[in-house]
Structure formats: C-alpha cells, structure tokens
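Colleague: missing the sequence, but the structure's below:
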C-alpha cells in the first residue's frame, strides 16, 4: 500500500471517529431535549385542560367534557387523556396508538423515548372533583430524532467522499517531490546525476530533496575523479612520457 493511501485512510479514520462522537452527542442531547419538551408539554396540557374542564365537571356535563378533551386530543400529540372522578369512575378516556411507520423499529428500540405522564387535580373552589391524566405521545419525537439522524448520515457521507477526494489531491501535491527523489535515485543507478531544481516548501520533504541533491553531487564528483584517475593510469601505462606516443604495450 502506498504512503498516500495510508495517510488518506488514517485521516479518514480520525475524521470518522470525531464525527461519530459528535453525532452520538448530538443525538443524545436531542433525545434529552425532546424528553424534557414532552414532559413540559404533558404537564402544561394537563393544567390548562383541567382548568377548562373544571366547570363542566362540576356541572356533570359529560358531553362538554368529551368535546373539550377531543379538541385537545385530536391534535395527535397525546397517547392517553383520562379523567377520573372521586369515586374512581372513568368519565373521559381518549387513547391513541403509537404508530411510527416512517421510523425503523431498531431505531425506536435504540432510542427508547419514554412516554411522560402528567396529572392534575381538578377542583371547583375548595372542592376536589377528580384527576386528569395526560400521557404524551413520543411518535413526533421519534420522527424528529430520525430526521436529525438521517440528515447527519447524509452529511457524513458527503463529507467523507469530499474529504477523501480533497485529501487525496492535497497529499498528492505535497508528496509529489518523493516521486522526483525516486526518479533521481534511479538516474544515479543509470549513471545520470540529475539535480532536482524544484525544492518543496514542506520542511521535511525539503530536507530530503536537498540531501539527495548533495549526495548526487558528491557521487558525481567521486565518479569524475575515478574516471580521471582511470584515464591517467591508462595513459601512464600506454603512452611514452618522452615522445608522447603509444608505447609497445
């Protein structure tokens, strides 16, 4: 595996770890926030609906009680609304199933949002009339969390693909001097002593290129000295010093 590929994989892995940690924290914070919102919503509804239904309960107007409960319940944000009088008789009961067809079941099990319940005592003056219980429906919270999760996943996939291409381009430009160093080493093996004129700005790569240039110059000097020495020895062995002509050898 090339150095470029190893660096790209290492950077992508680090990025994935950081992004995953941020993703988990974001989903957890969103879950806590939605849970608090459900609890506050259930309590506010129980308090306000209890005040509006107190008069009808005091007058035993069951039809009006049902109308008031239905007006709130039909908005779909509640799982149960129950009104019980002092004798334990259920005067109003509204139920709604928690159907979350557009959210995967594994995500619902993983997040496991509670269904917070809120109760309020209904009174008329100093007289207690009954108890109103409101249980919030977490279906909308699951949908919001799933939307946040899918948006993060789409963003994550886009950033990973973009980063892979961008990092590959940048590292390719940064590590390009290594290809020149490799070619320079191959040229030395072929007795071609080329010098890299392009000096990279990266400190480590600049030192490598400068060291290779110095080594190339030294090897070229050594090779030139050996060539001259060989030529001198050949001349001494085959040329007559007095006449300058080839000797008997």
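Modeller: Yes, it's here. Note that the structure is a prediction, hence the values are computed from the model and not measured. Numbers count the residues shown, from 1 in each chain.
Colleague: for the protein, which strand is longest?
Modeller: Identified as the longest strand of the chain according to DSSP state E is strand 127-136.
Colleague: residues in contact with residue 213?
Modeller: Neighbour list for residue 213: 195, 196 [criterion: Cβ atoms under 8 Å, 6 or more residues apart in numbering]. Using the backbone N, CA and C atoms, a C-beta is placed for each residue, glycine as well.
Colleague: which SSE is it in?
Modeller: helix 203-238 (DSSP states H and E).
Colleague: on that earlier part again, just checking, what packs against the helix or strand following the longest strand of the chain?
Modeller: Heading C-terminal from strand 127-136, the first helix or strand you meet, by DSSP H and E, is helix 139-174. Under the contact criterion of 3 or more Cβ pairs under 8 Å, 6 or more residues apart in numbering; DSSP states H and E, helix 139-174 touches helix 3-58, helix 105-111.
Colleague: just to revisit the earlier point, so the helix holding residue 213 versus helix 139-174, what angle?
Modeller: Here helix 203-238 runs at an angle of 20 degrees relative to helix 139-174 (axes from the mean of the first three to the mean of the last three Cα atoms, to 10 degrees).
Colleague: run the angle between the helix or strand of the chain with the lowest mean pLDDT and helix 203-238 for me.
Modeller: Every helix and strand of the chain was ranked by mean pLDDT, DSSP states H and E. The lowest is helix 176-189, at a mean of 78. Angle between the axes of helix 176-189 and helix 203-238 is 10 degrees (criterion: the same axes, to 10 degrees).
Colleague: before we move on, the earlier item: could you say what helices and strands the longest strand of the chain packs with?
Modeller: When contacts are defined as 3+ Cβ pairs under 8 Å, 6+ apart, strand 127-136 sits against helix 3-58, strand 78-85, strand 117-124.
Colleague: if you compare the ones you listed, which one is most tucked away?
Modeller: Stretch with highest mean neighbour count among the helices and strands packed on strand 127-136: strand 78-85 (a mean of 20; mean count of other Cβ atoms under 10 Å).
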